[in-house]
Each structure stands twice: as C-alpha cells, then as structure tokens.
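> give me the fold of what follows.
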Amino acid sequence: MDAGRCPELLHLVSTASSIGVHLLGLTGEEVHSRFAEVVEALRGVTFAALRLDSAPISDLVVPAAEPGCIRYLEVLETEHVSIGMFILPPHASIPLHDHPHMCVASNVLHGVLMQRSLTRVADTSGLVPPGVTTGLLERSESLTAPAITYLTEESCNIHSFTAGADGCIVLDCLIPPYESKARPCSYFAEFDHPRGGEFRGLVPFNPPDTFNVQSGYLWDTMAPPQAVHGAAAGVPQQPQHPHQRGPRPMSLEEKDEAESASAAAAAGGGRAGPGAAANDGGAVRGTTAPTGVERASGAVAVRRRKGKRQTR
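Below is the predicted model of the structure:
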C-alpha cells in the first residue's frame, strides 16, 4: 500500500497535525499566520495529484447511496484535526452552518461551488428578538476549481455551500474538529435583518430531509476482485460526520463479520448478526483498525485508528 502515491496529501496531513496541536492556544495574528501554512499545504492537493481524474469519482464511492446524496470521505480524524472530502451532486447544498472556535480551509478540487459566508456580529440595536443571531454577509461568490476558501473563528465562520450544474468536490480541513459538547454544529435559517444592508438575521433550524450526507470510501474498480476485497476489508467503518444524516454504511469487513456470525449461529444455535462480537455496551471487540495514511488498491488515502469503532 503506497502512501507515497499522493505526497501532497501526506504533506497536508503532516502540516495540519503539527499545527493543530498548538492552534487552540494561539490568538489573533498568530492564528492567521500558522493556519496560513495549512492553507498552503491544502492548496498543493489537486484532483490530479489524488489520481481521481480517470473516472467520475461518484462511481468509485462505496457503499453506494441513493441519487442526490452528498458523500463524505474521511482522510484524517484526530482530536486536533479533521480532513475529509465532500462530493456534492449537481445543485446539492450544505445549508448555512457554523464552525464554533474553529479554523476551516476548503479546496474546491473539481467543479463549481457557490459559497455564502457570514461573520457573527454583536447587535445592540434592540431590533431583533432573543435567540436571533446577527450575521454580516462577507462573501457571496462562485468558486471554480481549483480554488481555496477559508474561515477563522472571528471571520466568515457561518457559511453554506451549493454545487454548480455539474456538481463539485471539496477537500476540507478543520482545526479543531467538531465536538458534540464543546464545538457542536448548528444550522441556521436566514432572513432579512431590520438593519438592512448586508446584515442578516439567523435562527437555528433543522435541515430538511432532502439534505442527506453519507460516509463512504473510494476503491479502484479496475483492481482484481480479491485485491479490492482484501484492501477494502481493512478499512474500518467511518465515524459519522456532523453533517451526516441517516444510517452509517456497512463496510465489507462488517458484512463479512455478519455473514460469519450468521453461519456460526446456524451451525451452533448461537447469537447471530453484526453485533454478535459486541459486549453489553455495544462496542465491537477484536477490531484493531490500522493506523496511518494509506492508499488501498488505488483508493484515496484514509487515516485509520487503533481501538474500537466509534459512532457519533
């Protein structure tokens, strides 16, 4: 498994991991200066460098999902850094949402992306009721690949993405990642603010059912079946991304476990199903996910962690 097939991605992982450990302790210009290094490393990752230019990328994502679904492919997930790729079908949108206490850089690798970005501002006018956030519209633009956009805790921290007519692919780097208690993801509905101009009123809302994001991973459809199966079986189930909605997809490894458990139950009358190897708390035993950034049978590099599978 040749991780060196995408040295630009490895450089991004290394840079983001190093800077992510220290970024939370910095303020002001120090944050911008250090995060600029991550932005430049992200800029170096191109569609061609990832070797994704030989076929429509959506055709290479497994498990398959329903048409119109946004796919999320995890590259790296630690307590300090999250890197992943969004594949948006034509005209698909990620609704207006925030990134509390986070810096985020996004690289449009393919297609066209429409972006709206707002900065949260204090409102002492008394014109809006409690619970309404005031946002100042900073950007409303169309980005054509290759293109970079980024936000910080203080600027453009609330944004939305909408793909163009041919869809788009975006590589995201978040420092630090979302966290359910300290840094939850909130979605907003937007309306005209009484102050007018570029001021917008924002209220929390739940995204519609049509907003559907599912995790997956890539494989090389031209590889021999046994090589694809062997490589894919070593890729653990992706943890659920904050934007992900609906059930987590089952990996080939989990399908094998389920089939083995069912066969064992049929032979010996034991408990069957993918939870057969779980303890009373539901954590899967005996699954040690490999570590590092690897490329399996031509698949995009994914980071894998030691320990139990996580669901979030």
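
> stretch 86-102: end-to-end distance?
Its start and end residues considered, stretch 86-102 measures 18 Å (C-alpha to C-alpha, to the nearest Å).

> same deal with stretch 57-69?
13 Å.

> number the residues from 189 up from this point.
In the new numbering, first residue 189, that becomes stretch 245-257.

> average pLDDT for the helix or strand harbouring V263?
Assigned by DSSP states H and E, V263 belongs to strand 258-265. For strand 258-265, mean pLDDT rounds to 92.

> so after it, what's the next helix or strand?
Next helix or strand after strand 258-265 toward the C-terminus (DSSP H and E): strand 270-276.

> wait, a strand at A224?
No. Judged by DSSP: H, G, I helix; E, B strand; the rest coil, A224 forms no part of a strand; its state is helix.

> list the buried residues for stretch 304-319?
For stretch 304-319, burial by neighbour count (16 or more other C-beta atoms under 10 Å) applies to R304, S305, L306, T307, R308, D311, V316. Yep, even glycine has a C-beta here, placed from its N, CA and C like the rest.

> what is the nearest of the residues you listed to P392?
Of all the buried residues of stretch 304-319, the one with the least separation from P392 (C-beta to C-beta) is R308, at 12.9 Å.

> may I have the phi/psi pair for that closest one?
Dihedral pair for R308: phi -70, psi 130, per degrees, to the nearest 10.

> which residues sit in contact with it?
D286, T321, T322, G323, N345, I346 (C-beta atoms under 8 Å, 6 or more residues apart in numbering).

> got the buried residues for stretch 272-281?
Neighbour-count burial for stretch 272-281, counted by 16+ other C-beta under 10 Å, picks out G272, M273, F274, I275, L276, A280, S281.

> check stretch 226-239 too.
The neighbour-count check on stretch 226-239 (16+ other C-beta under 10 Å) flags V226, V227, A229, L230, V233, T234, F235, L238 as buried.

> swap in stretch 194-201?
For stretch 194-201, burial by neighbour count (16+ other C-beta under 10 Å) applies to C194, E196, L197, L198, L200, V201.

> just to be sure, the second one is in a helix?
It stands for E196. Yes. Assessed by three-state DSSP, E196 belongs to a helix.

> pretty sure it contacts V233?
Yes. Using C-beta atoms under 8 Å, E196 is in contact with V233, at 4.7 Å.

> and the strands in the stretch 239-388 of the chain, which stretches?
Ranges of strands in the stretch 239-388 of the chain, per DSSP state E, counting those that start in this stretch, are 249-250, 258-265, 270-276, 281-286, 291-309, 321-332, 335-339, 346-363, 376-380, 387-392.
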